[in-house]
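K.L.:
this one's sequence-less:
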């Protein structure tokens, strides 16, 4: 029988040169060289006041190395990073076998703020010197991720007041039941759980009232609309995604088309992508040239955004919701869509029929006549009306026809209040001196050149989010507050850019 040498996969004492564990061409080698030789970390010195007294602090460069490397490996937990610094040889090499405590790591990440933005710009400048930024096209897109907040603690101030009153009523009812039990001589141990539940309800009611006192006004959106607040993280937002409703943030990135370098990264507590386009474009002003093309999907499309880009003379291709319907290349896309889930398919549910629509009326534009579903002729009371910027022809029924009509319930939304039916037929947009930026963008993106240029957007920005979400396992933000979440999002984008540098032989 063959004999083999024993292999010990858990040796305890090995003569290891830690510096030689960082192999050239790897992410950790580029990270180590970058932090030690290129980045200016003097801004971190102001954090420590131990020049004359106090314990020595861990070097910020070392903490930055192990945190960025941990993010590149999908490790976000500070306890997980601490364990890796004891057990993983690459972490040991980057930390110099110093083994910082998890609280030190968590405190360092949570206190990062403006320093992260400075480091991001420094790495971006290095990428530019290495020739990795082409400035031909910046593709802007975002991803919605859950935050470290409870979706159940979201609502308006009125919702919170209602919950507090509900908890107080429930606690009062339980208290009265306890008093009745005490008078009846019931054994105290029998309702111990009920007393705990009563204390919990009273505590939650006090917490809600305290939050209402600290936040005297409701949260408002960009246009002044009422938005739901959150008692765990009030900077986060409740957002609808393909996986359901989440409580979290939107991470937005502007990606260069040459080598997929992230030139700008921001995190916002809103699900409205339209409000995020212009801040991203303004933030990339120093990175782009006058010929840099801005591309974004239909989520960022709005007349206000297109007008602002046109007035600033910024080249852009922003898709609208009907772009693919106008493109013959996607005419058969319906057959490739997934079949509906039979457990959630609502197509069999018949909706209640609404009132007659304009298409149910017989309109003859040449003769200028209109017949209602009952066969009665309506008289025209406006041939050149305007409604929301569109020209329309209006018709109205006569009292002698509408009042005794047997189809009133099907024709009018409120037959008991409305006497006659009115209907409008639109004839296109009304002439105006202002340019139609939406129509101009449609013509640009539907042109052969526009389709080719916009088609590069998907291959530019989507792989970046695939790398961050799948390879780096970024499935949620672990910090609270917009500033801290923005810092964590920039750190992940920093990892992506350093990885690009490593792939191009940086530091060798």
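P.N.:
Cool, the structure landed. Owing to the predicted nature of the structure, the values given are computational and were not obtained by experimental measurement.

K.L.:
any idea which strand is longest in this protein?
P.N.:
The longest strand of the chain (DSSP state E) is strand 244-256.

K.L.:
flag every buried residue along that strand.
P.N.:
By 16 or more other C-beta atoms under 10 Å, the buried positions in strand 244-256 come out as 246, 247, 248, 249, 250, 251, 252, 253, 254, 255, 256. Where C-beta positions appear, they are placed from N, C-alpha and C, glycine not excepted.

K.L.:
who are the packing partners of it?
P.N.:
Here strand 244-256 is seen to pack against strand 137-146, strand 237-241, strand 262-268, helix 277-283, helix 448-466, helix 482-503 when contacts are counted using 3 or more C-beta pairs under 8 Å, 6 or more residues apart in numbering; DSSP states H and E.

K.L.:
and among these, the most buried is which?
P.N.:
strand 262-268 (a mean of 24; mean count of other C-beta atoms under 10 Å).

K.L.:
buried set for stretch 409-426?
P.N.:
Those would be 411, 412, 415, 420, 421, 423, for stretch 409-426 by 16+ other C-beta under 10 Å.

K.L.:
same check on stretch 90-102?
P.N.:
Applying 16+ other C-beta under 10 Å to stretch 90-102 flags 90, 91, 92, 93, 94, 95, 100 as buried.

K.L.:
cool, stretch 13-29 as well?
P.N.:
Buried, per 16+ other C-beta under 10 Å, within stretch 13-29: 21, 22, 26, 27, 28, 29.

K.L.:
now tabulate the residues you listed in a markdown table and tack on secondary structure, pLDDT and distance to residue 177.
P.N.:
Formatted as a markdown table, these follow (DSSP: H, G, I helix; E, B strand; the rest coil; pLDDT from 0 to 100; distance: C-beta to C-beta, whole Å):
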| residue | secondary structure | pLDDT | distance to residue 177 |
| --- | --- | --- | --- |
| 21 | helix | 88 | 66 |
| 22 | coil | 89 | 67 |
| 26 | coil | 92 | 66 |
| 27 | helix | 93 | 62 |
| 28 | helix | 94 | 63 |
| 29 | helix | 93 | 68 |
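
K.L.:
could you identify the most distant pair in those residues?
P.N.:
Taking C-beta to C-beta, the two most distant members of the buried residues of stretch 13-29 are 21 and 27; they sit 13.2 Å apart.

K.L.:
quick check, residue 427 in a strand?
P.N.:
Yes - counting by DSSP: H, G, I helix; E, B strand; the rest coil, residue 427 is found in a strand.

K.L.:
tell me which helix or strand the residue nearest to it when sequence neighbours are not counted sits in.
P.N.:
By the measure of C-beta to C-beta, 6 or more residues apart in numbering, the closest residue to residue 427 outside its immediate chain neighbours is residue 391, 4.6 Å from it. In this assignment (DSSP states H and E), residue 391 forms part of strand 390-396.

K.L.:
for residue 59, give me the pLDDT.
P.N.:
Looking at residue 59, its pLDDT is 91.

K.L.:
typed the wrong thing, it's residue 206
P.N.:
pLDDT, read off for residue 206, is 86.

K.L.:
do residue 438 as well
P.N.:
pLDDT, read off for residue 438, is 89.

K.L.:
test my guess that residue 295 contacts residue 455.
P.N.:
No - Residue 295 lies out of contact with residue 455 (C-beta atoms under 8 Å); the separation is 9.6 Å.

K.L.:
of the buried residues of strand 244-256, closest to residue 320?
P.N.:
Residue 320 has its nearest neighbour among those in residue 252, at 19.4 Å by C-beta to C-beta.

K.L.:
what's the closest non-adjacent residue to residue 395?
P.N.:
That would be residue 378: by C-beta to C-beta, 6+ apart, it lies 3.9 Å from residue 395.

K.L.:
what about the one you found, neighbour count?
P.N.:
22 (other C-beta atoms under 10 Å).

K.L.:
same check, this time on residue 324
P.N.:
13.

K.L.:
let's verify it: helix, strand, or coil?
P.N.:
Residue 324 - assigned by three-state DSSP - is helix.

K.L.:
residue 379 bridge partners, please.
P.N.:
residue 396 (DSSP bridges).

K.L.:
correct me, but it touches residue 395?
P.N.:
Yes - if you go by C-beta under 8 Å, residue 379 and residue 395 touch, sitting 6.8 Å apart.
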